[in-house]
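**Q** next one to model:
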Amino acid sequence: MRDIETLKKEQVECSKYIIQEDCFKDFNTIGGVDLTFLKKSGKTIGIGALVILDKEKHVLHEHTYEDYVDFPYIPGFLSYREFPIMEKLIKTSKIEPDIYMIDGNGMLHPRFCGLASYFGVKLDKISFGVAKKLLIGNVNEDGYITLDGKIIGKAVKTKKNTKPVFVSVGHKISLESAVNITFSFSKYRIPEPTRLAHNLLKNLRKEEEL
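**A** Have a look, this model is predicted:
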């Protein structure tokens, strides 16, 4: 494993390439990406899921990919554990969505380059993150999350009487558009693309553990 300080510098460098503007006029499809991990014969296996929906929330395509993982779980460095699986997941899928919604953080990160941003910059994809927990930053009265005076995400209540999810720019999209897309694809607390990807993984885990 590479030195943590080296990885920190790489994340900082990666953050410089993030585009926080909409690099699209419209979109037709969105893909939700989620990962899960399990132990098999003493080794860790990562399983990635991609679920692609159209604007009417109809599922167009489902795809999974699994491989061994050797990078440990370290908060703030999930890209190095999860990105290799995500890259293979995307490259082996027969269909590619216009936008990727990642279960995780984008710029909402200590060095402004979480998984969704790392994914977007490395693969040159339009991406944003939707996380279930707040990793870092302060939430103001309007829901915007700031760190060092910089807006890095927004806490969004997709449904009444639920906990918020935390939306942040990945790459080639504005925070406003990322938030609007999150709202438009939410039937429950977790938006449909990543919720359905999570459910697909949950079913796969049951099969793997039988």
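**Q** hey, let's count contacts and neighbours off CA atoms from now on
**A** Will do.
**Q** quick one: end-to-end length of stretch 39-47, please.
**A** 11 Å (CA to CA, to the nearest Å).
**Q** and that stretch, how far from the chain's centre?
**A** Centroid separation between stretch 39-47 and its chain, computed with CA atoms, centre = their mean, to the nearest Å, is 22 Å.
**Q** same question, stretch 181-188
**A** In terms of CA atoms, centre = their mean, the centre of stretch 181-188 is found 15 Å from the chain centre.
**Q** rounded mean pLDDT for the longest helix seen in the chain, please.
**A** Assignment by DSSP state H gives helix 192-209 as the longest helix of the chain. For helix 192-209, mean pLDDT rounds to 90.
**Q** same check, this time on stretch 17-36
**A** Computed over stretch 17-36, the mean pLDDT rounds to 98.
**Q** hang on, the earlier thing: elements contacting the longest helix of the chain?
**A** strand 29-40, strand 43-54, strand 99-103 (3 or more CA pairs under 8 Å, 6 or more residues apart in numbering; DSSP states H and E).
**Q** repeat the analysis, applying 6 Å as the threshold.
**A** Secondary-structure packing of helix 192-209 (3 or more CA pairs under 6 Å, 6 or more residues apart in numbering; DSSP states H and E): strand 29-40, strand 43-54.
**Q** closest to residue 198 out of these?
**A** Nearest to residue 198, of all the helices and strands packed on helix 192-209, is strand 29-40, at 5.9 Å by CA to CA.
**Q** in CSV: the helices and strands packed on helix 192-209, plus mean neighbour count.
**A** Formatted as CSV, the helices and strands packed on helix 192-209 follow (neighbours: other CA atoms under 10 Å):
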stretch, mean neighbour count
strand 29-40, 21
strand 43-54, 22
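**Q** out of those strands, nearest to residue 89?
**A** Nearest of the helices and strands packed on helix 192-209 (CA to CA): strand 43-54, 6.3 Å.
**Q** after the closest one comes which helix or strand?
**A** Sequence order places strand 59-69 as the next helix or strand after strand 43-54, per DSSP states H and E.
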